[in-house]
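Undergrad: Sequence first, predicted model second:
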Amino acid sequence: MLAKLHTYSLFGIDARRVDAEVDISPASLPRTTIVGMADSAVKESIHRIERALVNSGYTRPVDRIVINLSPADFPKEAPSFDLPIALGILAASGQLASEKFDDYAAVGELALDGSTRSVRGTLSMALQAKADGRKGLVVPVVNVTEAAVVDGIEIIPIGSLAEAVGFFTGHLDIEPAPFSWEQAVASHAGYGVDYADVKGQESAKRAVTVAAAGRHHLLMIGSPGTGKTLLAQRLATILPDLVPEESLETTRIWSATGRLNGGESLVLTRPFRNPHHTISEAGLVGGGSTPAPGEISLAHHGVLFLDELPEFSRSTLEVLRQPLEDQRVTISRAIGSVTFPANLMLVAAMNPCPCGFRGDPKRHCSCNPIQVEKYLTRISGPLLDRIDIHIEVPPVPFRELSNDKQGTDSRTIREKVIEARGIQKKRFDNDPLAFNGRMTPRQIRKFCRLESAAESLLKTAMEEMGLSARAHDKILRVSRTIADLDRSDAITQNHISEAINYRTLDRTYWRS
């Protein structure tokens, strides 16, 4: 007897429809075979499924069982096929009859006692089930909150194989899981950090404000202990809240990698990712035989912080260049190509020299100029070309550390950032990917017209400080953002002067 159930498999962060076909026929030697490009984890699941059937009170057929996961042109992995296969075996052996198999798809891992366990990517699966015209999707109860985000499809939570059988036979009435965006937003805990926690460093906070307002990538240079990491960790707190579309995109990535916390329905705060400098290329941009997202995709709509930037492998850093330009990552394999989103802010930090104390008034630097130059050249010019703002973060004086005066808090900075982004939104005709930090040369010529005094200052800087042509465009982009923060249509001499100060690594005297 033949039975067919609908289910889904992840490929990247997208879900693809899979039909689980189960055929049971008498044979002299009972044997179970799984075909359809199933990986070893899926093939091993048959032993788990058989024990789950028996321990749930059902009979394991002592016949030849052939399970086909169709289509067979892409690999199937992960244990999400346990539930549909188990239901298919029951249906093909005559222990289960249902008219709901065409209307509902099912996903879920089974424990040996028949209870359900969490699977990755149920949000993407729910979205695809809706696109396929399914009435609903049966999921493990632990995954119901993320799948229920999708409107227009019934999400049925089940805690065991027996409950799934009861639902499909109609003997058990299970209500679809509800979802409320307002309730989810009200229940999320927020960030738990604030720029008010950072003593001193008001000039660095100003640079962070400019970076956040114009979506400029940022590099902080300073001795150990000056607060670079504290500044980076709080950057997400001054960015605008995630809108529903951004939250859904980010949640799909986190769901596909199994990083959502139990009971969490959506990613409602902007991600902050801080990978160690020993990370591999695949870990940073994504990869694997079946491609999976990397750190830059996990930071989608958030912040990617690379501490100790020169300590990262040169080849690892180089793979960042194209994603920063295109805001996406494309990984090609023999089985096909996968594209992951990577719309993020890059924040990096580094020491001024190998020992870390160059320019520190209190501690002696033991590095010679050759060592310093070699250290700085670990970061390629093309990568630096994608970072608009370079700032020095000096040590904080004791008087600022010891006083009780609170510095600028995140709420104050955030209000300025949101206002400046509103100006850019009008400037770029509501394009969600357009910011001052990503202006094209044509847009720079159109929107970055300088007053005469500002133009003279920029010319002097180019000639006397040895600034490059690419630094010229970056100064204009940053000065446009500074003018927006000042609610100024014109770019003045003060705006240009501040923007020039944010080009530390372009100053020839800084390297000397």
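TA: Yes, it's here.

Undergrad: can you give me how far the helix or strand encompassing Val42 is from the chain middle?
TA: Element membership for Val42, per DSSP states H and E: helix 40-55. Remark: helix 40-55 is offset 33 Å from the chain centroid, using CA atoms, centre = their mean, to the nearest Å.

Undergrad: ok, now stretch 15-22?
TA: The offset between the C-alpha centroid of stretch 15-22 and the centroid of the whole chain comes to 28 Å, using CA atoms, centre = their mean.

Undergrad: which parts of it are buried?
TA: Using 16 or more other CB atoms under 10 Å as the burial criterion, the residues of stretch 15-22 that qualify are Ala15, Arg17, Val18, Asp19, Ala20, Glu21, Val22. Every residue, glycine included, has its C-beta placed from N, CA and C.

Undergrad: Show only the entries of those found in strands.
TA: Mapping these onto strands (DSSP state E) picks out Ala15, Arg17, Val18, Asp19, Ala20, Glu21, Val22.

Undergrad: Same list (the residues you listed) but as JSON lines, adding distance to Leu53 and pLDDT.
TA: Supplementary listing: those in JSON lines, determined by distance: CB to CB, whole Å; pLDDT from 0 to 100:
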{"residue": "Ala15", "distance to Leu53": "26", "pLDDT": "94"}
{"residue": "Arg17", "distance to Leu53": "25", "pLDDT": "95"}
{"residue": "Val18", "distance to Leu53": "21", "pLDDT": "96"}
{"residue": "Asp19", "distance to Leu53": "21", "pLDDT": "96"}
{"residue": "Ala20", "distance to Leu53": "15", "pLDDT": "95"}
{"residue": "Glu21", "distance to Leu53": "18", "pLDDT": "96"}
{"residue": "Val22", "distance to Leu53": "12", "pLDDT": "96"}
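
Undergrad: and of the buried residues of stretch 15-22, the nearest to Pro395?
TA: Comparing these against Pro395 with CB to CB picks out Ala15 as the nearest, at 50.9 Å.

Undergrad: Isn't the closest one up against His6?
TA: No. Proximity of Ala15 to His6 does not meet the contact threshold set by CB atoms under 8 Å, at 11.6 Å.

Undergrad: How about the residue nearest the centre of the chain, nearest residue that isn't a chain neighbour?
TA: Ranked by distance to the mean C-alpha position of the chain (CA atoms, centre = their mean), the top residue is Leu298 at 2.2 Å. Once flanking residues are discounted, Leu298 sits nearest to Arg273: 5.3 Å by CB to CB, 6 or more residues apart in numbering.

Undergrad: what does Pro382 give?
TA: The shortest distance from Pro382 to any non-neighbouring residue, by CB to CB, 6+ apart, is to Arg321 (5.7 Å).

Undergrad: Report how many residues lie close to that neighbour.
TA: Under the neighbour criterion other CB atoms under 10 Å, Arg321 is assigned a count of 14.

Undergrad: Over to Met465?
TA: Number of residues near Met465 (other CB under 10 Å) recorded here: 15.

Undergrad: For it, give me the backbone phi and psi.
TA: phi -100, psi 0 (degrees, to the nearest 10).

Undergrad: how far away is it from Gly114?
TA: Here the criterion is CB to CB, to the nearest Å. By it, Met465 lies 72 Å from Gly114.

Undergrad: Poorly predicted segments of the protein, please.
TA: Using pLDDT under 70 as the threshold, the predicted model of the chain has low-confidence ranges 28, 189, 262-263, 398, 507-512.

Undergrad: what's the domain layout of it?
TA: For the chain, the structural domains run 2-169, 195-438, going by automatic domain parsing.

Undergrad: For the stretch 301-450 of the chain, which segments are assigned as strands?
TA: Chain-ordered strands for the stretch 301-450 of the chain, with DSSP state E, counting those that start in this stretch as the definition, fall at 303-306, 328-333, 336-341, 345-350, 389-392.

Undergrad: Work out the gap between the last one and the centre of the chain.
TA: If I follow you right, that is strand 389-392. From the chain centre to the centre of strand 389-392 is a distance of 25 Å (CA atoms, centre = their mean).

Undergrad: hey, C-alpha coordinates of that strand in CSV?
TA: Included here for strand 389-392 are C-alpha records, laid out as CSV according to Å, rounded to 0.1, in the frame of the first residue of the first chain:
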residue,chain,number,x,y,z
ILE,A,389,35.1,56.4,9.5
HIS,A,390,38.4,55.7,11.2
ILE,A,391,38.7,57.2,14.7
GLU,A,392,41.2,57.1,17.5
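
Undergrad: So which elements touch it?
TA: helix 202-214, strand 218-221 (3 or more CB pairs under 8 Å, 6 or more residues apart in numbering; DSSP states H and E).

Undergrad: Please tabulate the ones you listed in a markdown table and include mean neighbour count and distance to Asp409 as additional columns.
TA: Output for those, formatted as a markdown table (neighbours: other CB atoms under 10 Å; distance: least, CB to CB, whole Å):
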| stretch | mean neighbour count | distance to Asp409 |
| --- | --- | --- |
| helix 202-214 | 23 | 10 |
| strand 218-221 | 26 | 20 |
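
Undergrad: and of these, who's closest to Lys459?
TA: For the helices and strands packed on strand 389-392, the distance to Lys459 is smallest for helix 202-214, at 22.3 Å, taking CB to CB.

Undergrad: how far does that closest one sit from the chain's center?
TA: Here the centre of helix 202-214 is set off from its chain's centre by 23 Å, with CA atoms, centre = their mean.

Undergrad: Out of the domains of the chain, the one nearest Ser488 is which?
TA: Minimum separation from Ser488 across the domains of the chain (CB to CB) falls at domain 195-438, 9.9 Å.

Undergrad: Quick check: end-to-end length of that closest one?
TA: Start and end residues of domain 195-438 are separated by 26 Å (CA to CA, to the nearest Å).

Undergrad: In JSON lines, list the helices and strands packed on strand 389-392 along with distance to Glu400.
TA: Converted to JSON lines, the helices and strands packed on strand 389-392 look like this (distance: least, CB to CB, whole Å):
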{"stretch": "helix 202-214", "distance to Glu400": "9"}
{"stretch": "strand 218-221", "distance to Glu400": "18"}
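
Undergrad: so which of the ones you listed comes closest to Ile500?
TA: Across those, closest to Ile500 is helix 202-214 (CB to CB), at 12.7 Å.

Undergrad: and that closest one, what does it pack onto?
TA: Helices and strands touching helix 202-214, by 3+ CB pairs under 8 Å, 6+ apart, are strand 218-221, helix 228-233, strand 345-350, strand 389-392, helix 410-427, helix 469-485.

Undergrad: looking at the ones you listed, which is buried most?
TA: With neighbours defined as mean count of other CB atoms under 10 Å, the helices and strands packed on helix 202-214 peak in mean count at strand 218-221, which reaches a mean of 26.

Undergrad: Would you list the strands that it pairs with, along with their directions?
TA: Based on DSSP bridges, the pairing partners of strand 218-221 within the sheet are strand 345-350 (parallel), strand 389-392 (parallel).
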